[in-house]
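Colleague: curious how this folds, go ahead:
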Amino acid sequence: MRNLQIFLLLASMFIYASCKSDSEPKSEKPTQEVTNIKKTASKESKVRIQKKRKNEPELEIENASLSAIITLGNIDYSLINARLFQKINEERRRLNLPSFKNNNNLKRAAKLHNDYMVRADILDHNQSGTSTPQLRDRIDRAGGNFRTAGENIQYEGFTIRTTNGVESILAPTYEALAEQLWQNWKVSPPHYKNLTNPEFLYLGTSLKWSSKKTAIFATQVYGG
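Modeller: Purely as a prediction, here's the structure:
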């Protein structure tokens, strides 16, 4: 039987300064479940104008699909993305801010970094040993056309249950995962600042499963 350990790291990284807030692991009563580490980080930067923006339409969501439990071998990333996008825009409308528009260039920039983090098994705004180490480099590579930009990253761990010495992963529903991804950024002031920045009008999202972390990595890049 394992102890349930929940870790939360919230970090905000900027070009000229950085600040971090760490919480120590909590020990709970012994159970048969372990939830992997949750981590989030944000970054804001200035990016030069390069190429024309390419926006993509919003996806329609069926409620029945949201209530389905995620199958690890066949994850519908577009469904998670669409629901997360809805939740963020609901908050922006509540604050009388313009809704985000999905942008293909920012989506490619987000994928460049999300794939890197999963491959390197790391949560960091900077890349090592690549041609796109900084956010501005990734947006340039993706054909960005923005005066200013920001980035939020995180991974959300799935619960691991041990029964008779055998481990199994307990996947959430699509709705539950989208809500948790949203809440992880919402409760962190620097991440929430990016999400509600009136200068940011476009975003791109990338999601990917990490078998090493038994978690979904998420990267969002914002532009204005």
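
Colleague: for stretch 127-141, which positions count as buried?
Modeller: Using 16 or more other Cβ atoms under 10 Å as the test for burial, stretch 127-141 gives Gln127, Thr132, Gln134, Leu135, Arg136, Asp137, Arg138, Ile139, Asp140, Arg141. Where you see a C-beta, it was placed from the backbone N, CA and C, and this is true even at glycine.

Colleague: centre of the chain to the strand or helix carrying the last one, how far?
Modeller: Here Arg141 sits within helix 135-142, counting by DSSP states H and E. Offset of helix 135-142 from its chain centre (Cα atoms, centre = their mean, to the nearest Å): 18 Å.

Colleague: tell me if I'm right that Leu177 and Ala68 touch.
Modeller: No: using Cβ atoms under 8 Å as the test, Leu177 is too far from Ala68 to be in contact (10.9 Å).

Colleague: for these two, indicate the residue with more neighbours.
Modeller: Taking neighbours as other Cβ atoms under 10 Å, Leu177 and Ala68 compare with Leu177 leading, 24 against 13.

Colleague: any idea how far the more buried one lies from Leu66?
Modeller: To Leu66, Leu177 is 10 Å away according to Cβ to Cβ, to the nearest Å.

Colleague: strands along this structure, start to end?
Modeller: Here the chain has its strands, by DSSP state E, at 2-6, 8-14, 18-22, 26-31, 33-35, 38-46, 101-102, 148-157, 159-163, 166-170, 202-210, 215-223.

Colleague: those strands: lowest mean pLDDT?
Modeller: Confidence, taken as mean pLDDT, is least for strand 18-22 of the strands of the chain (a mean of 22).

Colleague: now stretch 75-91: how far from the chain's centre is it?
Modeller: Computed by Cα atoms, centre = their mean, the chain-centroid distance of stretch 75-91 equals 11 Å.

Colleague: tell me the buried residues in it?
Modeller: Buried positions in stretch 75-91, judged by neighbour count with 16+ other Cβ under 10 Å: Ile75, Leu79, Ile80, Asn81, Ala82, Arg83, Leu84, Phe85, Gln86, Lys87, Ile88, Asn89.

Colleague: now stretch 107-120
Modeller: Lys107, Arg108, Ala109, Ala110, Lys111, Leu112, His113, Asn114, Tyr116, Met117, Val118.

Colleague: give me the mean pLDDT for it.
Modeller: For stretch 107-120, the mean pLDDT works out to 98.

Colleague: CA-only coordinates of that stretch, as CSV, when you get a sec.
Modeller: The C-alpha coordinates for stretch 107-120 follow below in CSV (Å, rounded to 0.1, in the frame of the first residue of the first chain):
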residue,chain,number,x,y,z
LYS,A,107,-0.6,25.8,-32.0
ARG,A,108,2.5,24.7,-33.9
ALA,A,109,4.7,26.7,-31.5
ALA,A,110,3.0,25.0,-28.5
LYS,A,111,3.5,21.6,-30.1
LEU,A,112,7.2,22.2,-30.7
HIS,A,113,7.6,22.8,-27.0
ASN,A,114,5.2,20.2,-25.6
ASP,A,115,6.7,17.4,-27.7
TYR,A,116,10.2,18.5,-26.4
MET,A,117,9.1,18.4,-22.7
VAL,A,118,7.6,14.9,-23.1
ARG,A,119,10.6,13.7,-24.9
ALA,A,120,13.1,15.2,-22.4
